[in-house]
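[1] only geometry, no sequence info:
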Ligand code: G6P
């Protein structure tokens, strides 16, 4: 959603803050702003639109303060405009605040402040925070730690989610930060400290981080950080070293992050496999270490997630069912959390989240835990919120994913969950060893096969050129190919703004075929030898009605009736989504480029959705 950066040290803060915002722009890009403090005065500059607009603001280069906060916004309350941009200040211009999250009781708090003589300049929920802090600060004049205390009291009044940074011109050597249900970390340097909602923002300055938990507060000076829990009692934290290299957060010569991330998949899948799978050895999940008795206890598995991560869950459901013989249900986190799902201590709930910060997924996990289920988080971000809630965490190790549209995280999630399903099957001894060994062998071949698929990008680019003006595109598949169709359709919507539908091929005749007319684009995915004939017949039905067709296949077919055929390497059908999605990721990418759109930052979307 929104991105936060903060700096306190000996250097000029504004370039560090703006540089950090540029790295975080994928989280939100409706507007941005910065506050720095110097000579007892807080300068506040902000504007609608992209972070680069900040560079053009008159006077931005004159900000010489060595302490500052900054924000890039993804609008929730109030339209994207300068007034609604962060930072927000209180009426007396004493406090400046940036905020990620949503204050659910802001209407009531706003009324309270209005009744106490405050006024408001924006439509945001955030603007109540600096004013509430001011309210407590004026009442709190005796307190020795007045700023920290006032922020604490204000936070006690807030319902909802927040990660905040607070500056106060009366206390120019400190910054206070706090978090609840919204990410925030503190980076530590020499005589300087950083704050950010996402590690890549400051990774070029430090690799040492403190991770804040929900309810934590921190008080930062240039050479110290003190931590407090939700009762304001002092606590200590362990400094963590984050070993992502800076170049993995840069474009590395690619035109866009999305393209770079698509091309990184041979490497990211190899990293995901890591040391969990070695030739002729059993799968290693010592970090989970379930015994046969524990696994036999589970009578149901839930895979819960949002967006692309949910599609990864759909892709592995057949694996878990076929290899482990445990009923597996895939659910959308925002539905699951309000559905009163049937969960007890015999349920295994697996939560998939690239960012590990998706509000609905975290809430769904908390719900399952409260009902006694065993929970596993599958995440790409070390120390992210979800990993701190789950009983067990397994990491995809795909490296930072910056483009809003998820690509390499999806293939890594499927890879990791496939390994997990194989591990369960080995412990349970639920299927013949040959069956397990075949998938293991195929997994080890994936990086090579992914490299091969990526070589066909020019033909996909040509097909994208032929169809980029279309208004509707259909994706069809059966079995795991249908799950790929869903992910491909989401990708196309996200970055090309073309309406698209994914259908199980067999369902076509029950309604959607009415929409097929001359010239419409239909994309078929055919990788399962048991289902291919049926899918071919369904494709004939659309060709007869004039559809233009692109086929992604690893089967030997009579291809003469299709407009374009992309052949991909053969593999076990249970893991074919890892290969068959690649041409379709490229297809969406090239369509978006043909249309001249911003691939990495599609309109209205955010990389990490930390609100409901
Ligand atoms: C957002 C992103 C999607 C992502 C989804 C779930 O909607 O735009 O790309 O799939 O959130 O994110 P997560 O971090 O939980 O995997």
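    Everything's here; your move. Being a predicted model, the structure only gives us computed values, none of them experimental.
[2] going forward, measure contacts between C-alpha atoms and count neighbours the same way
    OK.
[3] where exactly do the strands run in the stretch 201-350 of the chain?
    208-211, 217-221, 224-228, 234-235, 240-241, 300-305, 327-332, 347-353 (DSSP state E, counting those that start in this stretch).
[4] Can you tell me which of these is nearest to the ligand?
    Distance to the ligand, taken as CA to the nearest ligand atom, is lowest for strand 347-353 among the strands of the stretch 201-350 of the chain, at 3.5 Å.
[5] chain center to the closest one, what's the gap?
    16 Å (CA atoms, centre = their mean, to the nearest Å).
[6] still on that earlier bit, out of the strands of the stretch 201-350 of the chain, name the one with the poorest average pLDDT.
    Lowest mean pLDDT within the strands of the stretch 201-350 of the chain: strand 240-241, a mean of 89.
[7] which neighbours does that one have in its sheet, and in what orientation?
    strand 208-211 (antiparallel) (DSSP bridges).
[8] Quick check: residues of the stretch 451-600 of the chain near the ligand?
    Counting by CA under 6 Å from any ligand atom, the stretch 451-600 of the chain comes close to the ligand at no residue.
[9] quick one: secondary structure of the residue of the stretch 451-600 of the chain found nearest the ligand?
    At 8.0 Å from the ligand, residue 494 is the closest residue in the stretch 451-600 of the chain, using CA to the nearest ligand atom. Three-state assignment for residue 494 (DSSP: H, G, I helix; E, B strand; the rest coil): helix.
[10] I figured it was touching residue 405, is that so?
    Yes: between residue 494 and residue 405 a contact is recorded at 6.8 Å, counting by CA atoms under 8 Å.
[11] These two: which has the busier surroundings?
    residue 405 (29 against 22; other CA atoms under 10 Å).
[12] buried stuff in the lowest-mean-pLDDT helix or strand in the chain?
    Within the chain, no helix or strand scores below helix 52-55, which has a mean of 86 by mean pLDDT, DSSP states H and E. For helix 52-55, burial by neighbour count (16 or more other CA atoms under 10 Å) applies to residue 54.
[13] Going forward, the N-terminal residue is numbered 2.
    Right, with 2 as the first residue, what we last looked at is helix 53-56.
[14] That one packs against which elements?
    Judged by 3 or more CA pairs under 8 Å, 6 or more residues apart in numbering; DSSP states H and E, the packing partners of helix 53-56 are strand 42-49.
[15] returning to that earlier point: chain center to whichever helix or strand comes after the least confident helix or strand of the chain: distance?
    The helix or strand immediately downstream of helix 53-56 is strand 68-74, counting by DSSP states H and E. Remark: strand 68-74 is offset 21 Å from the chain centroid, using CA atoms, centre = their mean.
[16] what angle sits between strand 68-74 and strand 218-222?
    130 degrees (axes from the mean of the first three to the mean of the last three CA atoms, to 10 degrees).
[17] Quick check: pLDDT value at whichever residue of the stretch 152-301 of the chain sits closest to the ligand.
    Residue of the stretch 152-301 of the chain nearest the ligand, by CA to the nearest ligand atom: residue 259 (11.2 Å). The score at residue 259 is 96. That number is its pLDDT.
[18] ditto for residue 46
    Per-residue pLDDT puts residue 46 at 95.
[19] And for residue 249?
    67.
[20] cool, the one 5 residues further on as well?
    Reported pLDDT at residue 254 in the predicted model: 78.
[21] Equivalent analysis for residue 359, please.
    93.
[22] what sits against it?
    By CA atoms under 8 Å, 6 or more residues apart in numbering, the contact set of residue 359 is 307, 609-612.
[23] One more: residue 499?
    Residues near residue 499 by CA under 8 Å, 6+ apart: 471-474, 493.
[24] Inside strands: which ones of these?
    Judged by DSSP state E, the contacts of residue 499 include 473-474 as members of strands.
[25] among the contacts of residue 499, who's most crowded?
    residue 493 (25 neighbours).
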